[in-house]
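Q: how would this look folded up:
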Amino acid sequence: MLLSVHRDHPEPRKIARAAEVLGNGGLIAYPTDTVYGLGCDLMNKQAIEELHMLKAMAKGKPLSFICPDLSDIARYAVVDNATYRVLRHHLPGPYTFVLQATREVPKIAMTRQKTVGIRVPDHPVTQALVRALGRPLINTTASRDGEEPLIDPWEIQERYPTLDLVIDCETGGLEPTTIVDLSTGEVRVLREGAGPIDELV
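A: Model (predicted):
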């Protein structure tokens, strides 16, 4: 089902509807400041397993998740002063930061090294959605592994017909996030994407 939402001024009633779908264990597609994402409630293990099946991903493959703002990250990741300065300078923005996980993160959402990838997209719809849900939103690109991201909400709905909801507010981008590993105390760029890395390295 497609749900049209205004990009810059997301309608609270529609955002609440999408959050209700997530809260009930549903899988949705939504825009970010980079590519369209597929996601579910971080705290719903069954929904995460269904998301793995939807994308035909290996069960142990870690998934990043979205927090509404910087203050929420410290609940789910270890953030020292140096890390906080990097996060504050680059978020919200087109980055995924790999950090050491806290006990608040379900095991299914972390790596064997107990790290997590966290995003705070610079997108009004995504931020409103995560705030309405009240918990982080699992995030993975709306594409098959090795394929270009899908940019059209209609195309996403056709490719993934079992999605409970597709938020339609604009055409998405093609360039994914820049992934930066801060989990060891050093800055390591794991993937160059939409976010510039000049000030990171």
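Q: residues contacting the residue nearest in space to the middle of the chain?
A: For the chain, the residue whose C-alpha lies nearest the mean C-alpha position (CA atoms, centre = their mean) is residue 139; its distance is 3.0 Å. Shown here is residue 139, whose contacts under the criterion CB atoms under 8 Å, 6 or more residues apart in numbering are 32, 37-39, 63-66, 119. In short, each C-beta sits where N, CA and C put it, glycine included.
Q: Buried residues of stretch 172-190, list them for me.
A: For stretch 172-190, burial by neighbour count (16 or more other CB atoms under 10 Å) applies to 172-173, 176-183, 187.
Q: Do a quick rundown of the helices in this protein.
A: For the chain, the helices identified by DSSP state H occupy 12-23, 45-54, 70-76, 81-90, 124-133, 153-159, in order along the chain.
Q: what does the average pLDDT come to for the third one?
A: Looking at helix 70-76 alone, the average pLDDT works out to 92.
Q: Contacts for that helix next, please.
A: Contacts of helix 70-76 with the rest of the structure, by CB under 8 Å, 6+ apart, involve 65, 67, 79, 84, 87-88, 91, 99, 101-102, 104-105, 116, 118, 120, 136.
Q: low pLDDT regions in this protein?
A: The chain contains no residues with pLDDT under 70.
Q: So residue 108 is in contact with residue 45, correct?
A: Yes. Using CB atoms under 8 Å, residue 108 is in contact with residue 45, at 5.6 Å.
Q: Would you check how far apart residue 130 and residue 22 are?
A: For residue 130, the distance to residue 22 equals 9 Å [CB to CB, to the nearest Å].
Q: Between these two, which contacts overlap?
A: Listed contacts common to residue 130 and residue 22 are residue 137; contacts here mean CB under 8 Å, 6+ apart.
Q: what ranges do the strands span in the protein?
A: Assignment of strands within the chain using DSSP state E yields the ranges 2-4, 28-30, 37-39, 64-66, 95-100, 115-119, 137-141, 165-168, 178-181, 188-191.
Q: which strands and helices sit next to the second one?
A: Other helices and strands packing on strand 28-30, by 3 or more CB pairs under 8 Å, 6 or more residues apart in numbering; DSSP states H and E, are helix 12-23, strand 37-39, helix 124-133, helix 153-159, strand 165-168.
Q: could the strands of the chain go into CSV alongside distance to residue 155?
A: Conversion of the strands of the chain to CSV gives the following (distance: least, CB to CB, whole Å):
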stretch, distance to residue 155
strand 2-4, 11
strand 28-30, 10
strand 37-39, 13
strand 64-66, 22
strand 95-100, 24
strand 115-119, 23
strand 137-141, 14
strand 165-168, 10
strand 178-181, 25
strand 188-191, 24
